[in-house]
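Asks: Provide a 3D model corresponding to the input given below.
(2 chains)
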There are 2 protein chains.
Amino acid sequence: MKIGIVGLGLIGGSLGLKLQSLNHTIYGIVNNEFNEKKAREKKLANFISCDLNLLKECQLIILALPIKDLISPSQRLLASIPKETIVTDVGSVKEQIVNTWENLHPLFIGSHPMAGTEKKGVDSGFEGLFENAKWIITPSQNSDLNALKTLSELIESMDCEICQASPKEHDEAVSLISHLPIFLASALIETVHTKNNQPLLDLTKRLAATGFADTSRVGGGNEQLGLDLAMNNQINVLNAINIFKNKLNRLETLIKERNWELLSDKLYASKEIRKNFID
Amino acid sequence: MKIGIVGLGLIGGSLGLKLQSLNHTIYGIVNNEFNEKKAREKKLANFISCDLNLLKECQLIILALPIKDLISPSQRLLASIPKETIVTDVGSVKEQIVNTWENLHPLFIGSHPMAGTEKKGVDSGFEGLFENAKWIITPSQNSDLNALKTLSELIESMDCEICQASPKEHDEAVSLISHLPIFLASALIETVHTKNNQPLLDLTKRLAATGFADTSRVGGGNEQLGLDLAMNNQINVLNAINIFKNKLNRLETLIKERNWELLSDKLYASKEIRKNFID
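Replies: Okay, the predicted model is just below:
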């Protein structure tokens, strides 16, 4: 297939490499000449340009842009997408993006590959990023079934596992399992950073081990990601924080009241529940 | 040296194996005949018995017992420790244990190896557990300097990095860096377990990836550990939860008020702070 990728950052660049390895012809769009040169050196696509007219050739276009550019796409981008071309995106929130694009393009289907690293930019893509990743597609009642079939087959050909969900369900689920941990990790990092007590801070730093490293890991990522999620999935994120606070308050009360039996039950239950999420 | 180990579970058993490899003679105490047989099969010590009189031979004794048995040691245990023997423990809280033991035995020095897995019992020990681990020793003004030197040399010979702190400092630092994450992880697991919304729960389970796995990992551990920490480091743990709640409330307010600039600053700051804790 002739596939266009708009944006050759971590996700777009990795897609370019992977899809070329599957013998598709890739048309990559970048936003400036510096990135054009870099992307050429890394061979992120067969054809690379800042000129959106390159997309005229494509049977399928993947929008690998920041969320804000997906929610408010430029007129130039819209004008360069042929009517008969299937379009998808890779944004990590879905409701606002799908609402926007379904009204703009009849063959749009939202999607979200759950893959990433802490890197970004035209230097960060690599062919193996999507290996065994989960890839959520969020069609609606209006979605074209042939477009859905073509997109699904393409995703499966990249060794990804497809999950199908409505945009609303997607945003609610990821707010719990993926967005909430980022804000918890950030608050945890701030908590251990006892900046008014240097001896305690020094000791705490020395004692940081794998438990803290793992619990705080997603708080060490690119701040733009956390910001994007808060901005574009605000209600769900706030709701997730609220549920979490209630659960933590309950544990706190049990500790305060020395209700060790119920605390033990709770800790046992969460250990068992976790096994259903992590195999 | 002739070294006694009271309790041959994960920590005690691993110590038995490691210290034998360093050519010490190990006297291991277990609590029943079933464990005695198991410990013999695994060669966790050179001599293994339920009889505390075995300790009479020892120049140094390591108490690898549950915290409750360290805070309220049995009269039989106390009677079997020779006056001139150096004694340490491996409990993960220190103030209560040190207060108890300094009054009971003049050559006691508290310690805490920061190493562990999710396993427990006489089957769980292995020689490599302490490799490159941090090992905190918590001497007080009353501590015998020769005992401190002997203990420090032994710990260093096991390829551990020694950190020295007062019992109070230790308990405060670990409440932040080690105990708090357990309760956060447990509350996070409960949060994603939306048991009144089965379709959401099913989707959330399917979407659980490395972010959730890492952030929740320490909530998947043995409930007895979390319980022990809450019981024996209650004030510090409650204080840590309280500080965390304030930090999370602050993030929540920024999200509610759409104060994206300050939220971005906060997320950036926590990313940078984390680098000081995790190399």
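
Asks: residue A:206 contacts residue B:163, correct?
Replies: Yes: at 5.1 Å, residue A:206 counts as touching residue B:163 under the criterion of Cβ atoms under 8 Å. In short, each C-beta sits where N, CA and C put it, glycine included.

Asks: find the residues that touch each one of those two.
Replies: Residues touching both residue A:206 and residue B:163 (Cβ atoms under 8 Å, 6 or more residues apart in numbering or on different chains): residue B:134.

Asks: quick one: low-confidence ranges for chain A?
Replies: Within chain A, no stretch has pLDDT under 70.

Asks: run the angle between the longest helix seen in it and helix B:234-256 for me.
Replies: In chain A, ranked by residue count with DSSP state H as the criterion, the top helix is helix A:234-256. Helix A:234-256 runs at 170 degrees relative to helix B:234-256, counting by axes from the mean of the first three to the mean of the last three Cα atoms, to 10 degrees.

Asks: could you list the domains of chain A?
Replies: Using automatic domain parsing, the domain ranges for chain A come out as A:2-165, A:170-277.

Asks: residue A:110 belongs to a helix?
Replies: No: under DSSP: H, G, I helix; E, B strand; the rest coil, residue A:110 falls outside any helix and is assigned strand.

Asks: wait, residue A:139 touches residue A:164, no?
Replies: Yes: using Cβ under 8 Å, residue A:139 makes contact with residue A:164 at a distance of 7.0 Å.

Asks: phi first, then psi, for the residue nearest to the spatial centre of chain A.
Replies: Nearest to the geometric centre of chain A sits residue A:92, at 3.7 Å (Cα atoms, centre = their mean). Residue A:92 adopts backbone torsions of phi -90, psi 0, taken as degrees, to the nearest 10.

Asks: count of residues packed around residue A:43?
Replies: 14 (other Cβ atoms under 10 Å in any protein chain shown).

Asks: likewise residue A:261?
Replies: When neighbours are counted by other Cβ under 10 Å, residue A:261 comes out with 10.

Asks: could you export the domains of chain A as TSV, including distance to residue B:22?
Replies: As requested, the domains of chain A are exported to TSV (distance: least, Cβ to Cβ, whole Å):
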stretch	distance to residue B:22
domain A:2-165	40
domain A:170-277	23
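
Asks: wait, which of those domains is closest to chain B?
Replies: Chain B lies closest, by Cβ to the nearest Cβ, to one member of those: domain A:170-277, at 3.7 Å.

Asks: what's the first-to-last distance across that closest one?
Replies: Its first and final residues considered, domain A:170-277 spans 16 Å by Cα to Cα, to the nearest Å.

Asks: can the domains of chain A go into JSON lines with extra columns for distance to chain B?
Replies: Shown next, in JSON lines, are these (distance: least, Cβ to the nearest Cβ, whole Å):
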{"stretch": "domain A:2-165", "distance to chain B": "5"}
{"stretch": "domain A:170-277", "distance to chain B": "4"}
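
Asks: wait, which of those is closest to residue B:96?
Replies: Minimum separation from residue B:96 across the domains of chain A (Cβ to Cβ) falls at domain A:170-277, 14.6 Å.

Asks: quick one, the helix or strand containing residue A:225 and helix A:234-256 angle?
Replies: In this structure, residue A:225 is located in helix A:223-232 according to DSSP states H and E. Interaxial angle of helix A:223-232 relative to helix A:234-256 (the same axes, to 10 degrees): 100 degrees.

Asks: list the contacts of residue A:187.
Replies: Contacts were defined as Cβ under 8 Å, 6+ apart; by that measure residue A:187 touches A:219, B:244, B:247-248, B:250-251, B:270.

Asks: immediately after the helix or strand hosting it, which helix or strand?
Replies: Element membership for residue A:187 (DSSP H and E) is helix A:180-192. Per DSSP H and E, the first helix or strand lying C-terminal to helix A:180-192 is helix A:198-207.
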